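Visitor: Here's my sequence, what's the structure:
(one chain, ligands or ions: 2)
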Amino acid sequence: MNIGILGLGTVGGGVVNVLKKNREEIARRTGAKLQITHAAVRNVNQRRICSTEGITLTQEPFEVVNNDTIDVVLELIGGTTLAKDLVEVAIKNGKHVITANKALIATHGSELLALAKDNNTQLLFEAAVAGGIPILKSLEQGLSANRIEMVAGIINGTGNFILTEMRDKARDFDSVLKEAQKLGYAESDPTFDIEGIDAAHKLTILAAIAFGCELNFSQVSTQGISQVSSEDIAFATELGYSIKHLGIAKKEDGEIQMRVHPTLIPKRHLLANVDGVMNAVLVKGNALGSTLYYGAGAGDEATASAVIADVVDIIKDTASHDVLGWQSFESSTFKNQDDIESIFYLRLLASDKPSVLADITTILANYNISVEAVVQKQVDEQNNAHIAIITNVIKTRDINAAVEIIQSKDFIQEQIKIIHVETL
Ligand code: NDP
Ligand code: HSE
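Guide: Ligands and ions are numbered 1, 2, ... in the order given. Below you'll find the model as predicted:
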């Protein structure tokens, strides 16, 4: 089998290295000899993490997708413009395509999968979600007897790496982000990682495979980690929680909700202990109950592991992403974001005057919001009290309304922070 690679950066380089390292093992599993014959890069003179011996390099990616000797194309360039054109041409030329590109699948996956079906080729993307963890294959194959009720996970390695380093080493946001970029974890535009767009792409794919619905990226409500401060991390720790950036997709009473946001999780929960670049996905099925899938969410060889597993599926003819693994889609309705119920963490900076805490709790009580826990730090030099509150389970609409009123009070000194709390 001849393989052409588009992009020989972190993931492409990892694929070359893993195929070299495990050549015999893969040949024993598949009975096939895999050869990377061609690779397209932006700059053929660039230093690489892999050897390019025996690989014809080109700066013209269309040469690869139009090359008749190539059976499988690995799209590892990223982005949704050139990558989309290349994938379309490869499929029309009858080639199987494997991609790690979640942005491409979440936004153009439906049309590309339809094109692949029309051309009798496979379009596979295990590496697009949670790096090396075989979560898509688990949902499609191992969990196929279940109605999936919820998928919740830490699905961005860069974000998790940043939050972990900030919490454990009190490092500042920017320096950790620079390190994540150096390690090859971050997207070419790292705001995708920080603002939750990358996680939203992955959640879109997870929800489609879990619930058998269309890819609906526009329905994901997305909040990034840039709003999480070291003060929130310290308060969360004191209250018995870790802050993680979670992607949550739930199907309840026929309605789907998809959201990506920083979340306080009880410290004892397994997800709260998933640190660094590691990812984990919790799946609740109505027969098996909860299962948790854990592993490296980014990085060269970890991601290559998932890419090559898709190549093996093609050779063994066990690939099943045809319409995302479903014979038919169910039409879906999406929950109004205001109706989503959650516990919330509030952080407030208030002047240290008598009855301030009582005023805050009275406003909350007017919306049927009770205070489950509260922590107040010693009053600072500006005579301000730093307060954190954990509420009961309430509707998003109610917490927003109550916070709007509290925010308008003259004793509030800065924007009130609202973060979801999940017990999962
Ligand atoms: P990199 O930036 O490390 O690599 C991109 C590669 O594409 C480079 O080799 C670059 O060439 C090449 N390239 C870019 N533009 C062109 C072009 N116009 N023509 C030819 N080649 C081009 O990205 P990653 O490997 O990190 O990511 C690739 C994909 O995998 C993305 O979709 C990403 O979201 C996804 N992904 C990444 C993971 C990770 O851990 N990094 C994990 C899971 C998925 P050159 O080297 O010459 O600059
Ligand atoms: N930038 C992504 C992350 C790469 O950090 O999770 C893996 O998809």
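
Visitor: okay, now Ser188: neighbour count?
Guide: Ser188 has 10 neighbouring residues, counting by other CB atoms under 10 Å. Any C-beta I mention is one placed from the backbone N, CA and C, and that applies to glycine too.

Visitor: I'd assumed Gly78 was in contact with it.
Guide: Yes. Taking CB atoms under 8 Å as the definition, Ser188 is a contact partner of Gly78 at 5.9 Å.

Visitor: where does the stretch 51-200 of the chain dip in pLDDT?
Guide: For the stretch 51-200 of the chain, no stretch is flagged by pLDDT under 70.

Visitor: Residues of it that sit close to ligand 2?
Guide: 131, 156-158, 185-187, 193, 198 (CB under 6 Å from any ligand atom).

Visitor: Considering the residues you listed, which possesses the most neighbours?
Guide: Of all those, the highest neighbour tally under other CB under 10 Å goes to Asn156, namely 35 neighbours.

Visitor: Enumerate every residue touching the closest residue to that residue other than its chain neighbours.
Guide: Closest residue to Asn156 apart from its sequence neighbours, by CB to CB, 6 or more residues apart in numbering: Ala199 at 4.5 Å. Contacts for Ala199 (CB atoms under 8 Å, 6 or more residues apart in numbering) come out as 155-156, 159, 222, 245, 247, 260.

Visitor: Neighbour-wise, which one of these leads?
Guide: Of these, with other CB under 10 Å as the count, Asn156 tops at 35 neighbours.

Visitor: Hmm, that residue is touching Ile197, no?
Guide: No. In this structure Asn156 lies outside contact range of Ile197 using CB under 8 Å: 9.4 Å.

Visitor: measure the residue in the stretch 101-250 of the chain positioned nearest to ligand 1 to Val281 for me?
Guide: Closest to ligand 1 within the stretch 101-250 of the chain is Asn101: 3.6 Å, counting by CB to the nearest ligand atom. Relative to Val281, Asn101 is positioned 19 Å away (CB to CB, to the nearest Å).

Visitor: now Ser305
Guide: On the measure of CB to CB, Ser305 and Val281 end up 16 Å apart.

Visitor: Which residue of the two possesses the greater neighbour count?
Guide: More neighbours surround Val281 than the other of Ser305 and Val281, with 27 against 22 (other CB under 10 Å).

Visitor: Let's see the pLDDT reported for that one.
Guide: Looking at Val281, its pLDDT reads 98.

Visitor: For it, give me its contacts.
Guide: Counting by CB under 8 Å, 6+ apart, Val281 has contacts 130, 133, 135, 151-155, 206, 292-293.

Visitor: just the buried members of the residues you listed?
Guide: By neighbour count, with 16 or more other CB atoms under 10 Å, the contacts of Val281 hold 130, 133, 135, 151-155, 206, 293 as buried.

Visitor: taking those one by one, which sit in strands?
Guide: Secondary structure assignment by DSSP state E places 151-154, 293 of the buried ones among the contacts of Val281 in strands.

Visitor: any chance of those in TSV, with distance to ligand 1 too?
Guide: What follows is these, written out as TSV (distance: CB to the nearest ligand atom, whole Å):
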residue	distance to ligand 1
Val151	18
Ala152	20
Gly153	14
Ile154	14
Tyr293	15
